[in-house]
Each structure stands twice: as structure tokens, then as C-alpha cells.
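K.L.:
quick one, fold the following:
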Amino acid sequence: MKRLIVLFLTSAILVSCGRDKKNDVENNEETVALKDNFSVVLEAVYEKNDSLSVVYKKGGYWDYDHPVPFKVMGQPNPQKLTILIPEGDKLENVQVTLSTNKEQKTMALKSVAIFNNQKEVFNGANMSYIKYFDSNSGLIWDEKNMRNNLNFDGQYPPGIAGNQNLEAALAR
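P.N.:
Numbering: from 1, shown residues only. Below is the predicted model of the structure:
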């Protein structure tokens with residue numbers, strides 16, 4: 001009888017210790033914070049091959065020394081372009097050089113979205129991004145054709161830069 005009681009108590013102790021470890025592991029997994037993993041997603045029409053670049057603001061400063069380049073394959077249909085920001089960098093604002101190909105005469109930018117860890121933090125679909133981004137002199141809006149004419153004669157290549165509205169949206 002004593003052996004049965006000792007065996008029962010030993011089993012109970014081993015089982016309860018195993019549960020505690022399992023609960024500790026589950027609690028540790030919940031407290032691990034995800035690193036920021038931002039991406040900028042453009043929906044645009046590029047008829048010719050092109051390249052663009054993204055510069056972003058982090059820690060209150062623009063990181064012009066480390067632009068994120070992106071190659072675009074030209075095609076007549078809208079395409080989603082996903083530009084990945086280096087992991088761990090907190091994106092506070094963004095500037096996009098939309099074209100470096102001087103033979104690209106027009107481009108249609110349909111939407112701009114920003115994601116962090118695959119969760120959408122900014123949605124600029126259906127051209128609603130225009131309230132959040134300012135364009136430079138390289139983009140000339142063509143109302144009739146609903147696209148941008150590109151001008152490479154200015155100081156900067158055609159591009160957009162997030163304004164204070166975008167910074168406020170990303171700070172939430």
C-alpha cells in the first residue's frame with residue numbers, strides 16, 4: 001500500500017512539474033516582441049522597365065545614406081510592387097523616387113499601402129494616398145488620362161514624399 005501511495009505521489013509531482021514548464025514556455029512565447037518588418041506596396045502601371053528607390057525616416061531623421069532600390073519590369077497592366085524595408089527599422093515616413101528611366105514618359109500610381117509584420121498600417125487605395133503624399137515637380141497630373149506625366153528636367157527625379165498626415169497615420 002505504501003508503494004502505491006509513493007508511486008501515486010511521485011507521478012503527481014512529475015506531471016505537475018511538466019505542466020509548469022509547458023505553461024512557462026507558452027508565457028515566454030507570448031511576451032516575445034516582434035521586430036518591425038515594414039513594407040511599402042505600390043500598385044502602379046509602368047509600361048517600360050524601370051527602377052525606383054525608397055528612402056525612409058527613422059528615429060526622427062531621413063536615412064538618405066541607405067535607399068532601398070527596387071527593379072520594375074514594364075508591362076501595360078497594373079502591378080503590385082512590394083518594397084521591403086530592412087527588418088527592425090521603424091518607418092516614420094517615406095519618400096519614393098518613382099522612376100529613373102528617362103524613356104518612361106508616363107506612369108499611373110493607383111495606390112500606396114504600408115504594412116508592418118504583414119498587418120496594414122496605412123491604406124492609400126483608390127488614390128486616397130494623395131492626402132498623405134506630396135509630389136515633386138517631376139510628376140505632372142494628367143486628368144484626362146488619369147495618370148502622371150514624368151518630367152526629368154527638374155532638380156529631382158519624379159517622386160512622392162509623405163507629409164505630416166502620413167507621419168500622424170504611422171504614429172498610431
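
K.L.:
what comes into contact with stretch 106-113?
P.N.:
With Cβ atoms under 8 Å, 6 or more residues apart in numbering as the test, stretch 106-113 has contacts from 40-47, 50, 78, 96, 98-99, 120, 122-129, 132-133, 142, 145-150, 158, 160. (C-beta placed from N, C-alpha, C; glycine too.)

K.L.:
and that stretch, how far out from the chain's middle?
P.N.:
Averaging C-alpha positions (Cα atoms, centre = their mean, to the nearest Å) puts stretch 106-113 15 Å from its chain's average.

K.L.:
what does the average pLDDT come to for it?
P.N.:
The average pLDDT within stretch 106-113 is 97.

K.L.:
and N136, how close does it get to L34?
P.N.:
Per Cβ to Cβ, to the nearest Å, N136 is found 34 Å from L34.

K.L.:
would you mark the buried spots in stretch 127-141?
P.N.:
Buried positions in stretch 127-141, judged by neighbour count with 16 or more other Cβ atoms under 10 Å: 129, 132-133, 135-136, 138-139.

K.L.:
with secondary structure and pLDDT added, can I get those residues in JSON lines?
P.N.:
Converted to JSON lines, the buried residues of stretch 127-141 look like this (DSSP: H, G, I helix; E, B strand; the rest coil; pLDDT from 0 to 100):
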{"residue": "Y129", "secondary structure": "helix", "pLDDT": "97"}
{"residue": "Y132", "secondary structure": "coil", "pLDDT": "98"}
{"residue": "F133", "secondary structure": "strand", "pLDDT": "98"}
{"residue": "S135", "secondary structure": "strand", "pLDDT": "96"}
{"residue": "N136", "secondary structure": "coil", "pLDDT": "96"}
{"residue": "G138", "secondary structure": "coil", "pLDDT": "96"}
{"residue": "L139", "secondary structure": "strand", "pLDDT": "96"}
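
K.L.:
now flag whichever of these is closest to E167.
P.N.:
E167 lies nearest to Y132 out of the buried residues of stretch 127-141, by Cβ to Cβ, at 9.0 Å.

K.L.:
wait, what's in contact with the closest one?
P.N.:
112, 122, 124, 162-163, 165-166, 169.

K.L.:
could I get the full set of helices for the chain?
P.N.:
Per DSSP state H, the chain carries helices over the ranges 2-31, 164-171.

K.L.:
of the ones you listed, which shows the lowest average pLDDT?
P.N.:
Across these, helix 2-31 has the smallest mean pLDDT, namely a mean of 52.

K.L.:
quick check: the farthest pair among the buried residues of stretch 127-141?
P.N.:
So, the buried residues of stretch 127-141 by Cβ to Cβ: farthest apart are Y132 and G138, at 18.4 Å.
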